[in-house]
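# Okay, here's the prediction I keep looking at, along with the sequence it came from:
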Amino acid sequence: MWQMTERRLTGRSASPGLAAGPVFVIGGPAPHRAPALLDEDGEAALRQAIDAALTDLVALVAKVDEEGADIIGFQIAMLEDEALSEGAFDAIAAGVSPTHAWRSALDAEILDYEHSEDPYFQARGVDLADIRDRVLAHLTGTAGPAHAPAGSILIGEEVAPSLFLSTDWSKGGGVALASGSPSSHVAMLARSRGIPMVTGLGPLGMAEYAILDGETGMVTLDPGPQALAGLAPALAASKQANAHAEELEAKPAFLSDGTRIEVMINIASPADIKGCSPEICDGIGLVRTEFLFEPGHPLPNEESQYAAYMAIAAWASGRPVTFRTLDAGGDKPVLGLTDASESNPFLGLRGLRLSLARPEAFRVQLRALTRAAVHHDIRIMLPMVTVPSEFAEASALLDAVVAGLVREGTACRRPPLGMMVEVPAAALGALRFAADFYSIGSNDLTQYTMAAARDISTVAALHDASNPAVLELMGRTVGAGRVRKVPVSICGDAAADMRLVPQLLGLGLTSLSVPPAFVGRVKAAIESFANV
Ligand SMILES: C=C(OP(=O)(O)O)C(=O)O
């Protein structure tokens, strides 16, 4: 029997809120059988198991909302695709047991996904593993994937959307993952349902009870008496804070001297604003346009980009929308654009560097954006700018694109052109860039200042935006904005970190851009700062 000793782990917040409850360990390894001799009914058994798993998923689709149905629909389509099971049926025909044949075929497929350079494909590995385990459970006659009792804290390496969607969240609960990412499907689902979630915690081991703080990213496993004693008041306070944040969501935020603090939202795809009212924000401070550059698809053409930009800007109903041009490379490889052989992609040809190296692709994006800017309050933001000459080159390209459209007789407008400040050189030299606005990308700025990758949990403590060195660079950027009389905002995760909001306001920042789920909480943090 293992000793229950309190352990505290820190990961990345994927969905805010405080939760506590008994631990439910997500799926142990699926049953495994050694290769057997030819089973005459092997093919029929596998077909039946696939059909039964499909029936489970179809039943689940009927119970979930549109967002969940999209995700489960993807799993159904995969399971219906004959190509997925082809290898298993071939192996069965060659004398392998159906269990082993299915497991081997799916394991190979999952491995391919998990080792993909592309985060989109990596994230789909968990959907495939869920399909594998569902079919195996039917094949072996074991119960389907176990259901977590209501109120549980789900812990594990990863969580399949189907498990998340079939969990009863009516009594609270949360999700704590050893790996995972705040941009996974489950994280999106958790945010839209208000379920606290933390990712990237590293090895979790065994535990019976957990306290999960989606605000700070801290998870306490098997909390000791002191942590437990503070739990009831903390949960009550969190409930009250949630209610207050909800109340503040659609209200403007001010400091005590009357200074208006803009609270904008960050989105990484149109799904992030589905079901969300524009009334909660002062605009969109960051649209990550990488969602348009889907893996395995040709680069998006001008018309499809134009349609996507128009739809997002229309949602904002007259509020400003800042589109960041493609930020490919580093943690966001794009097949056909980024160079997979770079030894250190975070310091390679990424962001604006890549766009300038591939102007034919960059021009298409600028054309679509300048056309959409005729109809909406659109701003263009350049990522990963390091030296003023890069900014000047992009600005000249934008002028040329506008001139070309005018010559063609196509309606267009040159919107304000700003830059992310996410490289220390840009923060230190901000005054020298002819940008119309600055937006501090605290995730990358912290990574490059602290020499600590943003997604390596073993150096997570060093990836700290509250480090004085990072705050100093932010302060320099605010100062440059004042001198040049151009707006400065912050769109990195630091803006949604309640502990940091007072420091950011103290630096003089008056515009914060945060994930939609954090708007109310950030407004509450601004209110508390104003009332000090
Ligand atoms: C907002 C940022 O950009 P990304 O999309 O890389 O998180 C950042 O670096 O802070």
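Yep, that arrived.
# Only C-alpha atoms from now on, for both contacts and neighbour counts.
Fine.
# where does this structure dip in pLDDT?
By pLDDT under 70, the low-scoring segments of the chain are 1-3, 28-40, 117-120, 123, 143-146, 183, 295-296, 457.
# And stretch 439-451, how far out from the chain middle?
Centroid separation for stretch 439-451 versus its chain: 17 Å, with C-alpha atoms, centre = their mean, to the nearest Å.
# for stretch 318-328, how far is the first residue from the last?
The straight-line separation of the ends of stretch 318-328 (C-alpha to C-alpha, to the nearest Å) is 29 Å.
# again, but for stretch 88-105
Criterion C-alpha to C-alpha; first-to-last residue distance in stretch 88-105 is 6 Å.
# Kindly report the residues of this protein close to the ligand.
Counting by C-alpha under 6 Å from any ligand atom, the residues of the chain close to the ligand are E422, G441, S442, N443, D444, C491, G492.
# Just the CA atoms from the helix or strand hosting E67 would do, formatted as PDB, please.
Mapping E67 onto the secondary structure by DSSP states H and E places it in helix 66-80. Extracted C-alpha coordinates of helix 66-80, given in PDB (Å, rounded to 0.1, in the frame of the first residue of the first chain):
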ATOM      1  CA  GLU A  66     -23.100  20.800 -31.100                       C
ATOM      2  CA  GLU A  67     -19.500  21.400 -30.100                       C
ATOM      3  CA  GLY A  68     -19.300  17.900 -28.600                       C
ATOM      4  CA  ALA A  69     -21.100  16.400 -31.500                       C
ATOM      5  CA  ASP A  70     -18.400  17.800 -33.900                       C
ATOM      6  CA  ILE A  71     -15.700  16.000 -32.000                       C
ATOM      7  CA  ILE A  72     -17.500  12.700 -31.600                       C
ATOM      8  CA  GLY A  73     -18.500  13.000 -35.200                       C
ATOM      9  CA  PHE A  74     -14.900  13.000 -36.200                       C
ATOM     10  CA  GLN A  75     -14.300   9.700 -34.200                       C
ATOM     11  CA  ILE A  76     -17.400   8.100 -35.900                       C
ATOM     12  CA  ALA A  77     -16.000   9.100 -39.300                       C
ATOM     13  CA  MET A  78     -12.700   7.600 -38.500                       C
ATOM     14  CA  LEU A  79     -14.200   4.400 -37.200                       C
ATOM     15  CA  GLU A  80     -16.400   4.100 -40.300                       C
END
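# can you pull the buried residues of the next helix or strand after that helix?
Proceeding C-terminally, helix 66-80 gives way to helix 82-93 as the next helix or strand, assigned by DSSP H and E. For helix 82-93, a neighbour-count test (16 or more other C-alpha atoms under 10 Å) marks L84, S85, G87, A88, F89, A91, I92, A93 as buried.
# can you pull the contacts of the second one?
What that stands for is S85. L79, W102, A105 (C-alpha atoms under 8 Å, 6 or more residues apart in numbering).
# Any figure for the gap between the last one and L405?
This means A105. Using C-alpha to C-alpha, one gets 51 Å for the distance from A105 to L405.
# Likewise for the first one?
Taking C-alpha to C-alpha as the measure, L79 and L405 are separated by 46 Å.
# What of the second one?
Applying C-alpha to C-alpha, one obtains 55 Å for the distance of W102 from L405.
# helix, strand or coil for D444?
At D444 the chain is in helix, as set by DSSP: H, G, I helix; E, B strand; the rest coil.
# what sits against it?
D444 sits next to E422, V423, R454 when contact means C-alpha under 8 Å, 6+ apart.
# How many neighbouring residues does the nearest residue to P502 once chain neighbours are set aside have?
Across the structure, with C-alpha to C-alpha, 6 or more residues apart in numbering as the measure, the residue nearest P502 apart from its sequence neighbours is F529 (5.9 Å). When counting by other C-alpha atoms under 10 Å, one arrives at 17 neighbours for F529.
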